[in-house]
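A.B. asks: Below is the sequence, then the predicted model.
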Amino acid sequence: MIQRLFEAFFQALAFLILASGWYVSTVDVGVLYLACVNVLVPSQLVLYLYLCSGRRTHNVPIYSFPDKASLVEPYQCVNMNGDFAQCDKAGCNGRWKPPRTHHCSSCGVCRLEFDHHCPWIGNCVTLSRQKAFLALLYLTPVAFAVAVLPIVHTLYLQFVLAISVSRADPWTNEIWWDWIGSWILCAGPLGRWPVGAFLGFRILWSMDHGDVPPYPGQSIDQPHLRIIGTCMIAFLLSAFALGMALFSTKLVLQGTTMLESLLKKGSKYPLLICIPVQSNAFNVHDVVPGERIYDLGSAQNWRVFMASQVFPCATLGPYQWPKLNPCMIRRMRAAGRTEVAD
Ligand SMILES: [Zn+2]
Ligand SMILES: [Zn+2]
């Protein structure tokens, strides 16, 4: 329940940021921004809503246990008998958990090709949605830069003005600049400036501007905390999105998921690969710690990613066994042959 509230808060926050970004860009600033903003922001919104959708249904495995004796290709197993994983969590009732599947405790379902559960979308990110997820992440800083670039100099001048007004005011000096706590209260010495500027904007705002009728772009002409505040939040969000995008791109090139990259070496559950050799005979091999089971080489990983669809078909077809790291399989087959020879 608390988890759901927490996620609902993040979703509401993300929606508010998008909506306020749109409002500031089109209504407050004016026609100049309409073209780029009305392409970028709706694209983000479509991707965002798509990633939020299907919390109960998307990529949930619906397959029954395969017949072990009929398998010829290597697969990830859970024990030395080459058995398949099953999920005993509520709702899954011992159903088959295909390789790379993880039971998300937030969503309460098993997910094929689970990457991570994202509180910003209140949903799991899986490999089938990774392209849409990365598109949203990369689009966020681009949309921010496009929207802010033409007004960044004006905003900088307003920030400088607000600081100088705040510095010259006896009351702000008393409660903030000369107060020892200002050096530590808001994230250390750097935090003195945003709070000082905020107080400066309050003073500017309280000044009499005369009776100017409202016009588009007015809040850029006249110092306005709403614009700078929106830009600051959008900047932080963009920086976070860019960092996340670069990290996710690295994982795509490595052919791994966020969950797999987080599984520590020597974890409680050893990673095992079962290699069928003939009907009802197989060898089970340990994965070397640090070895990536599904890494096909960065070029091939990238090709597979680029060939995937941004909005894949919602229906799941017959189960496709994930391709395994060819170097790892070669090593295991060679080890298997050596064992037989011994
Ligand atoms: Zn499950
Ligand atoms: Zn989830």
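C.D. replies: Ah, there it is. Ligands and ions are numbered 1, 2, ... in the order given.
A.B. asks: Need the pLDDT of the spatially closest residue to L296 that is not a sequence neighbour.
C.D. replies: What sits nearest to L296 in space, not counting adjacent residues and going by CB to CB, 6 or more residues apart in numbering, is G255, at 5.5 Å. Backbone N, C-alpha and C define where each C-beta goes, glycine included. Looking at G255, its pLDDT reads 95.
A.B. asks: Number of residues surrounding L71?
C.D. replies: When neighbours are defined as other CB atoms under 10 Å, L71 has 16 of them.
A.B. asks: Dihedrals phi and psi, P213?
C.D. replies: Main-chain torsions, P213, degrees, to the nearest 10: phi -70, psi 150.
A.B. asks: how near is the residue nearest to L296 to ligand 1?
C.D. replies: Using CB to the ion, to the nearest Å, we find G255 at a distance of 24 Å from ligand 1.
A.B. asks: Repeat that for V148.
C.D. replies: 43 Å.
A.B. asks: for T172, same thing?
C.D. replies: Applying CB to the ion, the value for T172 to ligand 1 is 56 Å.
A.B. asks: That residue belongs to a helix?
C.D. replies: Yes. Assessed by DSSP: H, G, I helix; E, B strand; the rest coil, T172 belongs to a helix.
A.B. asks: Just the buried positions in the helix or strand of the chain with the lowest mean pLDDT, please.
C.D. replies: Ranked by mean pLDDT, DSSP states H and E, the helix or strand of the chain with the weakest confidence is helix 218-221, at a mean of 72. Using 16 or more other CB atoms under 10 Å as the test for burial, helix 218-221 gives 219-220.
A.B. asks: Which strands or helices does the helix or strand following that helix pack on?
C.D. replies: Per DSSP states H and E, helix 218-221 leads on to helix 225-254 as the next helix or strand towards the C-terminus. Secondary-structure packing of helix 225-254 (3 or more CB pairs under 8 Å, 6 or more residues apart in numbering; DSSP states H and E): helix 2-22, helix 130-148, helix 152-168, helix 192-206, helix 218-221, helix 258-262, helix 298-307.
A.B. asks: Tell me which of these lies nearest to Q86.
C.D. replies: Distance to Q86, taken as CB to CB, is lowest for helix 258-262 among those, at 18.1 Å.
A.B. asks: and the closest one, how far from the chain's centre?
C.D. replies: 13 Å (CA atoms, centre = their mean, to the nearest Å).
A.B. asks: Need the contact partners of the helix or strand following that helix.
C.D. replies: Using DSSP H and E, the helix or strand that follows helix 258-262 in sequence is strand 272-278. With CB atoms under 8 Å, 6 or more residues apart in numbering as the test, strand 272-278 has contacts from 71-80, 82, 282-287, 293, 324, 328-329, 332-333, 336.
A.B. asks: Buried residues, strand 272-278. List them.
C.D. replies: 272-276.
A.B. asks: Off-centre distance for it?
C.D. replies: 35 Å.
A.B. asks: After that strand, which helix or strand is next? Please name it.
C.D. replies: The first helix or strand that comes after strand 272-278 along the chain, using DSSP H and E, is strand 281-286.
A.B. asks: Can you give me the buried ones in that following strand?
C.D. replies: Buried-residue list, strand 281-286, by 16+ other CB under 10 Å: 282-285.
A.B. asks: And the residues you listed, which two are furthest apart?
C.D. replies: F282 and H285, at 10.0 Å, using CB to CB across the buried residues of strand 281-286.
A.B. asks: Any regions of the chain where pLDDT drops low?
C.D. replies: 24-33, 35, 208-210, 216-217, 264-269, 279, 314-316, 339-342 (pLDDT under 70).
A.B. asks: P270 touches D286, doesn't it?
C.D. replies: Yes. Applying CB atoms under 8 Å, one finds P270 in contact with D286, separated by 6.1 Å.
A.B. asks: ok, the buried residues of strand 281-286 vs M244, which is closest?
C.D. replies: Among the buried residues of strand 281-286, and counting by CB to CB, the member closest to M244 is H285, at 34.1 Å.
A.B. asks: Which residue, neighbours along the chain excluded, lies closest to S248?
C.D. replies: Using CB to CB, 6+ apart, the closest residue to S248 is L134 (5.7 Å).
A.B. asks: no, scratch that, I was asking about S166
C.D. replies: S166 sits nearest to G200 (CB to CB, 6+ apart), 3.2 Å away.
A.B. asks: how much space is there between that neighbour and M328?
C.D. replies: According to CB to CB, to the nearest Å, G200 and M328 sit 60 Å apart.
A.B. asks: So for these two, which sits in the more crowded spot?
C.D. replies: Set G200 next to M328 and count neighbours by other CB under 10 Å: G200 wins out with 26 against 19.
A.B. asks: contacting residues for that one?
C.D. replies: Contacts of G200 (CB under 8 Å, 6+ apart): 161-167, 169, 172.
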